[in-house]
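[1] make a model of this:
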Amino acid sequence: MTPSAAFAMQPGLLPELFPADLLLRLSRVARVREGVLSSFDPPPDVEILITGWGCPPIGEDVLERAPRLRAIVHAAGSVKGHVTPAVFERGVAVSSAAEANALPVAEFTLAMLVLAAKQVFVKARAYSADGWSGDALPGVATPGEGGGLNGAVVGVIGASRVGRLVMERLRGHGARILLSDPYVGPAEATALGAEAVTLDELCGRADLVTVHAPALPETRGLLDERRLALLRDGAVLVNTARGSIVDTGALVRHCAGGRIGAVLDVTDPEPLPPGHALLGLPNVLVTPHLSGARGRELRRLGEFAVAEVERLAAGVPLRGAVRPADLGRIA
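    All right, here's what the predicted structure looks like:
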């Protein structure tokens, strides 16, 4: 029998995640309730809940009102905001489109690394403020300026989905990759094209550092005063993971003197209050959490979710399955 399904997310996201052709494809394998649940009160016959950003927590009370629920398919990344332990205790299958959301984050990260390696952000601000440097010629390299990804040492913190995609792309740019991840040993790191090192060694050797670790109690303030001090003069820190991984106060102190720079798509707190020191530093670029799927990229998440419902209907394993043990390690 065709399973029943309902959407639970911010209403405005539905047409971007699931345009008409994807809704039609979904309707071939599930009886889909029209629109988004206006109040989080799932119909008692719902078997598949398709969630997205804005979905409230799914606790015991919700599960009691949906006794036939057997799967939650999340058309976004992290499920930590709405999937509670009660979901797993009930034996409800959980899937996430984190794999699909990782791609735009990796693309954004690589773009920032390319630009940071050429000192684009600092030089663009200097150009805007002071005009063209007198000793530079248009389109001609300045002797001894350094820069560029080719041959640069890039430190990757965390071999997550995004971290692995970033490393894959960095190899094509001729970068030397250092990897720090407590769950990845030397052999696996080598297979990823990287050298396994401790976090302290990574900070001391890298020209650029990119963060791809999850926000966990043990990763809060992972890049603290001591580790930021290990960064080489001129190093640039790129963070598209979670703001809490970097000690904000320590980062301000190290960037304010111009010793290091930073590209931050996430911050702690988020958003930063108006007038925050990081927003005004010429060697720091802060973007408003743009790296994940947005606009035309959202369709990828919908496609992933529809494919998961098709797998459920066919009785085959979910590609984005999330297990209880995963919650302690995912973003």
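[2] how about residues contacting the helix or strand of the chain with the lowest mean pLDDT?
    Sorting the helices and strands of the chain by mean pLDDT, DSSP states H and E puts helix 120-130 at the bottom, at a mean of 89. Residues from elsewhere that reach helix 120-130 (Cβ atoms under 8 Å, 6 or more residues apart in numbering): 115, 133, 261, 263, 282, 283, 285. (Glycine included, C-beta is placed from N, CA and C.)
[3] so which bits of it are buried?
    121, 122, 123 (16 or more other Cβ atoms under 10 Å).
[4] in JSON lines: these, plus distance to residue 79.
    Compiled in JSON lines, these are given as follows (distance: Cβ to Cβ, whole Å):
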{"residue": "121", "distance to residue 79": "34"}
{"residue": "122", "distance to residue 79": "38"}
{"residue": "123", "distance to residue 79": "41"}
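[5] among the contacts of helix 120-130, name the ones in strands.
    261, 263, 285 (DSSP state E).
[6] what comes up buried for the longest helix belonging to the chain?
    When the chain is scanned for its longest helix (criterion: DSSP state H), the result is helix 98-117. By neighbour count on 16+ other Cβ under 10 Å, the buried set for helix 98-117 is 98, 100-110, 112-117.
[7] likewise stretch 79-88?
    Buried, per 16+ other Cβ under 10 Å, within stretch 79-88: 79, 82, 83, 84, 86, 87, 88.
[8] what residue ranges in the stretch 101-250 of the chain score low on pLDDT?
    Across the stretch 101-250 of the chain, the ranges flagged by pLDDT under 70 are 133-137, 139, 143-144.
[9] would you map the strands across it?
    With DSSP state E, counting those that start in this stretch as the criterion, the stretch 101-250 of the chain has strands at 153-157, 176-180, 194-196, 208-211, 236-239.
[10] list the contacts for residue 112?
    238, 240, 263, 265, 285.
[11] who wins for neighbours among the residues you listed?
    Among the contacts of residue 112, residue 238 has the most neighbours (other Cβ atoms under 10 Å), with 26 neighbours.
[12] ok, now how distant is residue 325 from residue 163?
    For residue 325, the distance to residue 163 (Cβ to Cβ, to the nearest Å) stands at 20 Å.
[13] what about the two, which has more around it?
    Between residue 325 and residue 163, residue 163 has the larger neighbour count (other Cβ under 10 Å), namely 26 against 8.
[14] neighbours around the nearest residue to the more buried one once chain neighbours are set aside, how many?
    Among residues not flanking residue 163 along the chain, residue 212 sits closest, at 3.4 Å (Cβ to Cβ, 6 or more residues apart in numbering). When counting by other Cβ under 10 Å, one arrives at 29 neighbours for residue 212.
[15] so residue 212 makes contact with residue 167?
    No. The pair residue 212 and residue 167 does not pass the contact test of Cβ atoms under 8 Å, sitting 9.2 Å apart.
[16] who touches both of the two?
    Among the neighbours of residue 212, those also in contact with residue 167 (Cβ under 8 Å, 6+ apart) are 156, 159.
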